[in-house]
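A.B. asks: okay, here's the prediction I keep looking at, along with the sequence it came from:
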There are 2 protein chains.
Amino acid sequence: MSSNRQLKLGAFMRPVSIHTGAWRYPGAFADANFNFAHLRRFAQTLERARFDAFFMADHLAVLNMPMEALQRSHTVSSFEPFTLLSALSQATERIGLVATASTTFDEPFHVARRFASLDHLSNGRAGWNIVTTSNPDAALNFGLEHHMAHDERYARAREFHDVVTGLWDSWADDAFVRDAASGRYFDPARLHTLAHKGPYFSVRGPLHIARPVQGWPVIVQAGASEPGRQLAAETAEVIFAAHGTLDEGRSFYADVKGRLAALGRERDHLKILPAAFVVVGDTVEEARAIRARLDSLVHWESAIASLSISLGVDASKFDPDRPLPAVPDTNASKSSQQRVIALAEREGFTVRQLAQRLGGYGGLAFVGTAQTIADEMQEWLDSEGSDGFNIMFPWLPGGLDAFADKVVPELQRRGIFRREYEGATLRENLGLPRPANRYFPGPTASGSAAA
Amino acid sequence: MSSNRQLKLGAFMRPVSIHTGAWRYPGAFADANFNFAHLRRFAQTLERARFDAFFMADHLAVLNMPMEALQRSHTVSSFEPFTLLSALSQATERIGLVATASTTFDEPFHVARRFASLDHLSNGRAGWNIVTTSNPDAALNFGLEHHMAHDERYARAREFHDVVTGLWDSWADDAFVRDAASGRYFDPARLHTLAHKGPYFSVRGPLHIARPVQGWPVIVQAGASEPGRQLAAETAEVIFAAHGTLDEGRSFYADVKGRLAALGRERDHLKILPAAFVVVGDTVEEARAIRARLDSLVHWESAIASLSISLGVDASKFDPDRPLPAVPDTNASKSSQQRVIALAEREGFTVRQLAQRLGGYGGLAFVGTAQTIADEMQEWLDSEGSDGFNIMFPWLPGGLDAFADKVVPELQRRGIFRREYEGATLRENLGLPRPANRYFPGPTASGSAAA
């Protein structure tokens, strides 16, 4: 058993459920993804359960799928992340608020400013999920006929990050003296003008908002490719990972954590949190039945498209009510094809059930009782598969309430999850240091030098 | 007396006081411009006083002034408008929330989305103050060495407006059917893809958020130039004007309202609200003393720079404690120079007092008791100088509290200002119609056709 290691838990909340059948589940709030009263309730439930963060993915276009599938999606109308999280900051006190912002379709000055503002409004609870935006349809909403190439997106992302963090450091933490007697509002010697000029950006600065409460909002990334892993090792404090199995998780964990020492970073200053779809029942059978019912609500058009992509064949020609037939060699990735075939055999699925599983959610899932789910989470934690998880709920509000009411107390009983927040900021709760200001090392540095 | 005409009142809140000495006034919250607890209190006070809107100007750089003056400014650290107004939407229920967004340094897809999100989060209280951003320093924060020329900025603004409003109309108001039985979340026939291609923008759409509660957030503009007036007549529903005198106000009012008929617009569907700096006392003498004290807190460097600009001469060579000497002919605008000389004579100002007046706030001001201020406002309303005002407070919280506690009740007593909000949305309170969806004329249009 790990001594003091504690799970860190994010809640993946855009969409409120990744599962495409979620809004049709009996008792579900069909409009949960776009109803502020519901979202406020969810955020408050997550805070009561001591989650580290409310995590918002983001898209800059409707999802890239045929209309026959798109019209089944509960995600086509969503709040914009900064406006939603700022509103939620007023309904919560401790939970972190992680927004996704794209380095491909926005400006570093805007992004730096909005995160600084959210961090101040939430008293230090903001996190920035840096994405380069892979959906090519997004480009069409921003005047670009062609999407930027992958490597170029990553080079731009790296420079974007450096400009944003430089702008956050515009003001020393003690810059604002507000001396009414002399009329001096700030000390000009404690203001830095960035004057950045690089291949992608030319940004003078300074930022016209005080340094964020956390110094910098927490930096989150999700990249899994080689440039994505390297960018994460260099800059990320949380990785939102996606793994199918514990073995994959351990391999990724060892690889990325192994890069840190050479970069002069401490191993604990980067938290790896894979996505996990969690379905809770009072028995394992009940949990599996909930999942089966949820999968049955995935529309056939969405389901069969997912199966066809995974197999690399047109699966719409298969008999939906019979087992998966032999599949010819195709261009689809062998591992993807083999995984799907193995899944069908293990579960005894018909083609329809298999397609609906993949069209619902085909990634890492913990399905069982609070005990079996806690066992699995603990195994990941103990074997260095992860530092915690980004939880995906099967449907709202029931799937979230069950996690908060059943799984969290079991994790707490085992001593692997907090009963109270450790600190006031997201950074403090995640156990991450507050970055020094690169231009004004400040009282902490001089303090420790004097001691 | 006007029969049913009612004043509309906005509160100009970024900065919380336009007056550069405000933060030094005895009893002022020195950090009022950047303290959320204070801003929440101000918004709630304004709502209790039944103001139409909390109005946020915006800047995309620190103010363009020498450091000796800049370091005296309480505006260098400010919240970003969308994050602040979204947070305030949760602390208020009826007051409008007007954000400034630039058409020169942002993308229509982002702007359309953020305003739609704010409008939903606030249940229909958002307004968009469209600006083209005149501060050339802003360009340097967005990779542009040279600021876009004035006419080009306006042509771009017009197309930007058309794209944003087109994106807001992506979804019919009844598009989301959320039929759990059939699995259909929306009706594809009630979704429009914009596919805009113009000289400045190419934006496909659709927007991935439902049509705003108000159809469109209220459109606000401040342009006073010829292209600015024409753009406002074509597209604005509120004009944030700036006039020195009632005569100027009446001339502007007649000009802009006179353009509406030819554009097929009703005269009442555009509200003209000049900025007014209001200082309230229990006697006129007390109000004047408050203002004199406030002006005395303007730092000399800020003051003398303002006087020099207005006169077109280096005023720092004048004896600050003597009356204004004769001023030579210069390149400064004659009317500006004459107005300043007349002000100095009328008030019997020394050079210092004159400079501090201009460095504090030199525009339209109502300084007196609740009665004299209400008299002046009523004169503007009755003589078609304006439809109301954007109020600027001398200092916070006292200047705002005095307006809410003394002036508003007097306006209500006279029957020229509401005692209760007329409606739930900003549009309803301003008496503005809800725009039809250009792609889905909808139930209102068919309803009236059937009637």
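C.D. replies: Everything's here; your move. Residues are numbered from 1 along each chain as shown, chains lettered A, B, ... in the order given.
A.B. asks: can you report how many residues lie near residue A:314?
C.D. replies: 10 (other Cβ atoms under 10 Å in any protein chain shown). Just so you know, the C-beta spots here come from the backbone N, C-alpha and C atoms, and that holds for glycine as well.
A.B. asks: that one against residue A:308, yeah?
C.D. replies: Yes - if you go by Cβ atoms under 8 Å, residue A:314 and residue A:308 touch, sitting 5.6 Å apart.
A.B. asks: quick one, helices of the stretch 251-400 of chain A?
C.D. replies: Along the stretch 251-400 of chain A, the segments classed as helices by DSSP state H, counting those that start in this stretch run A:284-295, A:300-311, A:334-347, A:351-360, A:370-382, A:398-402.
A.B. asks: right, so the ones you listed: which one is the most enclosed?
C.D. replies: helix A:351-360 (a mean of 24; mean count of other Cβ atoms under 10 Å in any protein chain shown).
A.B. asks: touching chain B at all, it?
C.D. replies: No - shown here: helix A:351-360 not in contact with chain B (Cβ under 8 Å from any Cβ of the partner chain), separated by at least 11.5 Å.
A.B. asks: if we ignore the residues flanking it in sequence, what's nearest residue A:164?
C.D. replies: Using Cβ to Cβ, 6 or more residues apart in numbering or on different chains and skipping the chain neighbours, the partner closest in space to residue A:164 is residue A:112 (4.3 Å).
A.B. asks: what about that neighbour, which SS state?
C.D. replies: helix (DSSP: H, G, I helix; E, B strand; the rest coil).
A.B. asks: quick one on the thing from earlier: columns mean pLDDT on top of the helices of the stretch 251-400 of chain A, output as TSV?
C.D. replies: What follows is the helices of the stretch 251-400 of chain A, written out as TSV (pLDDT from 0 to 100):
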stretch	mean pLDDT
helix A:284-295	98
helix A:300-311	89
helix A:334-347	90
helix A:351-360	96
helix A:370-382	98
helix A:398-402	98
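A.B. asks: figure out which of those helices is closest to residue A:267.
C.D. replies: Comparison of the helices of the stretch 251-400 of chain A against residue A:267 by Cβ to Cβ identifies helix A:370-382 as nearest, at 14.5 Å.
A.B. asks: ok, residues contacting that closest one?
C.D. replies: A:1-2, A:5, A:7, A:246, A:249, A:274, A:276, A:278, A:280, A:284, A:366, A:368, A:385-389, A:406-407, A:409-411, A:414, A:416 (Cβ atoms under 8 Å, 6 or more residues apart in numbering or on different chains).
A.B. asks: so where's chain A uncertain?
C.D. replies: Chain A contains residues with pLDDT under 70 at A:1-3, A:331-332, A:442-451.
A.B. asks: mind listing what's buried in the strand ranked longest in it?
C.D. replies: Ranked by residue count and defined by DSSP state E, the top strand of chain A is strand A:271-280. The neighbour-count check on strand A:271-280 (16 or more other Cβ atoms under 10 Å in any protein chain shown) flags A:271, A:272, A:273, A:274, A:275, A:276, A:277, A:278, A:279, A:280 as buried.
A.B. asks: give me every residue that touches the residue lying closest to the fourth one once chain neighbours are set aside.
C.D. replies: In this structure, residue A:274 finds its nearest non-sequential neighbour in residue A:241, 4.2 Å apart by Cβ to Cβ, 6+ apart. For residue A:241, the contact set (Cβ under 8 Å, 6+ apart) comprises A:222, A:224, A:249, A:252, A:272, A:273, A:274, A:275, A:386.
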